[in-house]
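> give me coordinates for this.
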Amino acid sequence: MGVLRDHPELALFLCLAVGYLLGKLRVGPITLGGICGTLIVSLLLGAWAKVTVSDDVKTVFFAIFIFALGYLAGPQFFAHLNRRSLRFFCLCLIELVCVLGIAFGLAAAFDLDVGTASGILAGAATESAVVGTATESIAKLGGLTPAQVSQYQGHVATAYTVCYLFGLITIVIYTSQLMPMLMRINLADASRDLWERIRGGGGGLEADEREALPVLVGRTFFVTHADGRTVESLERQLDGLVTVESVKRGSKVVTAPPPGFELTLSDLVLLVGRRADMIEAGRVTGPETAGLPDLDTHLATGQVAVTEKSTDGRTLGELRRDHPEFSRDGVYVTEVVRGDLRLPASADTAVHRGDVLTLVGARAGLSRVTAKLGAVVKNDSTDFVYIGLGIAAGSLLGQVVVRFGAVPLSLGTGGGCLVSGLLFGWFRSRRQTFGAFPPQAATTLKDMGLAVFIACTGLTSGPQALPLLKQYGALLPVAGIAMVLVPATVSLIIGRKLLNIEKPLLIGAIAGQQCSTPAITSITQVARSSVPMLGYTITYTLSNFLLPLTGPLLVGVLGA
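All right, here's what the predicted structure looks like:
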């Protein structure tokens, strides 16, 4: 025990390791997750070993977490501020009003201190970021002694842990099991029907399927009809539906020949295009030959960041119709990445500025399609100049205090870095040639920052955990369940009766307004489809920004 007190870094990383191991335990569709597991372990270890960790460590890692969260969500947050997403935005407002109203009501009815009320809000809303924004705001309250600040911050962590556990179980079971029953649907059938209706009954592939006869093929032909024909004229004669990828003349192979390259008799050419168009290609060039290793080429894969204004908000199906380069050059979108979320590459998936599309096709075709949609993603290394300036700007913004009467309100470092992250992430998405922050790196820093912050909070708050549990007992579990059921039920009713949101999308959107990744995972498993994810992404993005701001608001009002 003395070793842990003398070396808090040992206790810190021990909490992370054991906490994430605990978080992997599964009961049916329920898993605690690494963050909740880390908090449980750190509370127990803190109560036993009395480990002290510097508050500066918490502040630094929370700033990293909240900036990365905002950076990843920024492009889509601003993209969803439009009329088409208004009905989903209403669901996020319902969540905000309900959880704040219940938190204020519980605080008044049971005379809760500001820390306990904030922890109930954070845990029941299953939003870990609220823990950070609330504890930071408590530290800035006037009239509190250091001992009171420490006690209230400990109450935040303890109340969060209990309410999170019951809130998590409630949202997973309610959305994946009970909501389909209440709406009298089979979620799998409803998702499949909606999928067919959206894509117009066209064929589609699941994530683990590939075509037995792929549309895009390569064939080699022996040129017997030359007559001074160039590569450009041959492609024009084939209506631009087939491209010349390489030409073999004697022992020499010309890869990606220029448009003016003149073909001669006995040349061997490799053509790439749609299977149906290859039939006509054989008629105008000459007989097809067996494939030659020298002429073989590989389909290229590239990533393009959507930056063109005309592309924003268009579906993949509309992009294929608007840009004949897709069909002509045999280019296909295989994946859509939005921040740290991967979306199905279906015809109905809308793309926004900042999305990253994975393209597969002939190399020349990829270049032409990329030029139409945006820019090649330059995300090979993190631009720490851009990231450092963003976090510094957020920290400065968090120091600004605005008074509403006698109530002082400030974003704090957490809220300031969240806002700066949104702005810096959005600005980067407009033209992805600067400010690189690879999604994998951003996600790692986000998870690491939150995990270290939560571990520090738990270690510090451990001694206050048991007295709080004895004082409030059953109130915390009941509050955790109620603060999930009330906004989810209100959203379910309004979403169907007034907003007319399709049932599978509504279920996904309610999981998103709660920022619950375990819930959407369970929903997609029950649905055997990624269709509910289309509703989840919108509300998840908006709530990720709005819910953390409730921490300073609740603390500011209750502490006034």
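
> the helix ranked longest in the chain packs against which elements?
Ranked by number of residues, the top helix in the chain under DSSP state H is helix 439-472. Judged by 3 or more Cβ pairs under 8 Å, 6 or more residues apart in numbering; DSSP states H and E, the packing partners of helix 439-472 are helix 8-23, helix 34-49, helix 55-79, helix 129-139, helix 146-173. Where you see a C-beta, it was placed from the backbone N, CA and C, and this is true even at glycine.

> can you tell which of those helices is closest to Gly556?
helix 129-139 (6.6 Å; Cβ to Cβ).

> and that closest one, what does it pack onto?
Applying 3+ Cβ pairs under 8 Å, 6+ apart, one finds that helix 129-139 contacts helix 55-79, helix 114-124, helix 146-173, helix 412-430, helix 439-472, helix 550-558.

> what's the closest of these to Thr334?
helix 439-472 (16.5 Å).

> apart from its chain neighbours, what residue comes closest to Ser429?
Among residues not flanking Ser429 along the chain, Gly354 sits closest, at 2.9 Å (Cβ to Cβ, 6 or more residues apart in numbering).

> okay, and the helix or strand of the protein with the least pLDDT?
strand 407-410 (a mean of 59; mean pLDDT, DSSP states H and E).

> and Ser85, what's its pLDDT?
Looking at Ser85, its pLDDT is 73.

> I'd say it and Thr537 touch.
No - with contacts counted by Cβ atoms under 8 Å, Ser85 stays clear of Thr537, the gap being 10.3 Å.

> and Gly374, backbone torsions?
Backbone torsions for Gly374, taken as degrees, to the nearest 10, come to phi 170, psi -120.

> out of the helices and strands packed on helix 439-472, which one sits most buried?
helix 129-139 (a mean of 28; mean count of other Cβ atoms under 10 Å).

> that one relative to helix 55-79, how many degrees between them?
Between helix 129-139 and helix 55-79, the angle comes out at 130 degrees (axes from the mean of the first three to the mean of the last three Cα atoms, to 10 degrees).

> put the alpha carbons of stretch 413-431 into CSV.
C-alpha atoms of stretch 413-431 as CSV (Å, rounded to 0.1, in the frame of the first residue of the first chain):
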residue,chain,number,x,y,z
THR,A,413,-11.2,24.3,-19.4
GLY,A,414,-13.4,21.4,-20.4
GLY,A,415,-16.2,23.4,-22.1
GLY,A,416,-13.7,25.8,-23.7
CYS,A,417,-11.7,22.9,-25.2
LEU,A,418,-14.9,21.2,-26.4
VAL,A,419,-15.9,24.4,-28.3
SER,A,420,-12.4,24.9,-29.7
GLY,A,421,-12.3,21.3,-30.7
LEU,A,422,-15.6,21.6,-32.6
LEU,A,423,-14.3,24.7,-34.4
PHE,A,424,-10.9,23.4,-35.2
GLY,A,425,-12.3,20.1,-36.4
TRP,A,426,-14.8,21.8,-38.6
PHE,A,427,-12.2,24.2,-40.0
ARG,A,428,-9.9,21.3,-40.8
SER,A,429,-12.7,19.5,-42.6
ARG,A,430,-13.2,22.4,-45.1
ARG,A,431,-9.9,21.6,-46.8
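
> tell me which residues in that stretch are buried?
Using 16 or more other Cβ atoms under 10 Å as the test for burial, stretch 413-431 gives 413-429.

> and the closest residue to Met183 other than its chain neighbours, what does it touch?
Closest residue to Met183 apart from its sequence neighbours, by Cβ to Cβ, 6+ apart: Lys503 at 5.3 Å. Listed by Cβ atoms under 8 Å, 6 or more residues apart in numbering, the contact set of Lys503 reads 180, 183, 185, 190, 194, 496.

> tell me the pLDDT of Ser491.
For Ser491, pLDDT reads 94.

> to clarify, my last question referred to Thr444.
In this model, Thr444 carries a pLDDT of 87.

> tell me how many other residues surround it.
Thr444 has 12 neighbours, counted by other Cβ atoms under 10 Å.

> so what's Glu16 up against?
I think there's a mix-up here, since residue 16 is Leu and not Glu. Counting by Cβ under 8 Å, 6+ apart, Leu16 makes contact with 38, 451-452, 455.

> tell me how far it lies from Gly473.
Distance, Leu16 to Gly473, by Cβ to Cβ, to the nearest Å: 30 Å.

> and if you look at Ile494?
The gap separating Ile494 from Gly473 is 34 Å, by Cβ to Cβ.

> is Thr255 bridged to anything, and to what?
Taking DSSP bridges as the rule, Thr255 bridges to Ser246.

> low-confidence stretches in the stretch 351-500 of the chain?
Counting by pLDDT under 70, the ranges of the stretch 351-500 of the chain that qualify are 362-364, 378-380, 403-412, 433, 461-466, 468.

> switch the cut-off to 90
351-383, 394-423, 425-484, 497-500 (pLDDT under 90).

> farthest-separated two in the contacts of Leu16?
Thr38 and Val452 (9.0 Å).

> could you pull out the helices in the stretch 201-350 of the chain for me?
Taking DSSP state H, counting those that start in this stretch as the test, the helices found in the stretch 201-350 of the chain are 231-237, 275-285, 316-322, 325-329.

> confidence score at the residue nearest to Met183?
90.

> now His80
So His80 comes in at 63 (pLDDT).

> make sure I have this right: the residue nearest to Ser429 is in a helix.
No - looking at Gly354 with DSSP: H, G, I helix; E, B strand; the rest coil, it is coil, so not inside a helix.

> what is the burial count for Pro287?
Quick note: Pro287 (other Cβ under 10 Å) scores 10 neighbours.

> gap between it and Phe222?
Counting by Cβ to Cβ - Pro287 and Phe222 are separated by 5 Å.

> go on, Lys497?
Here Lys497 is placed at a distance of 67 Å from Phe222 (Cβ to Cβ).

> and Gly33, by the same measure?
With the distance defined as Cβ to Cβ, Gly33 ends up 61 Å from Phe222.

> which one's more surrounded, the two?
Higher neighbour count among Gly33 and Phe222: Gly33, with 21 against 15, using other Cβ under 10 Å.

> could you pull up the residues touching that one?
Contacts of Gly33 by Cβ under 8 Å, 6+ apart are 23, 168, 517-518.

> Leu542 now?
Residues near Leu542 by Cβ under 8 Å, 6+ apart: 77, 80, 88-89, 92, 513.

> burial check on Lys470, number of neighbours?
8.

> for it, give its distance to Ala122.
Counting by Cβ to Cβ, the separation of Lys470 from Ala122 is 21 Å.

> kindly report the same for Lys372.
Relative to Ala122, and taking Cβ to Cβ, Lys372 is found at 45 Å.

> how near is the residue lying farthest from the centre of the chain to Thr285?
Going by Cα atoms, centre = their mean, the residue of the chain most distant from its centre is Asp227, 55.5 Å out. Distance, Asp227 to Thr285, using Cβ to Cβ: 11 Å.

> list the contacts for Ser491?
Going by Cβ under 8 Å, 6+ apart, Ser491 touches 91, 94-95, 506, 509-510, 513.
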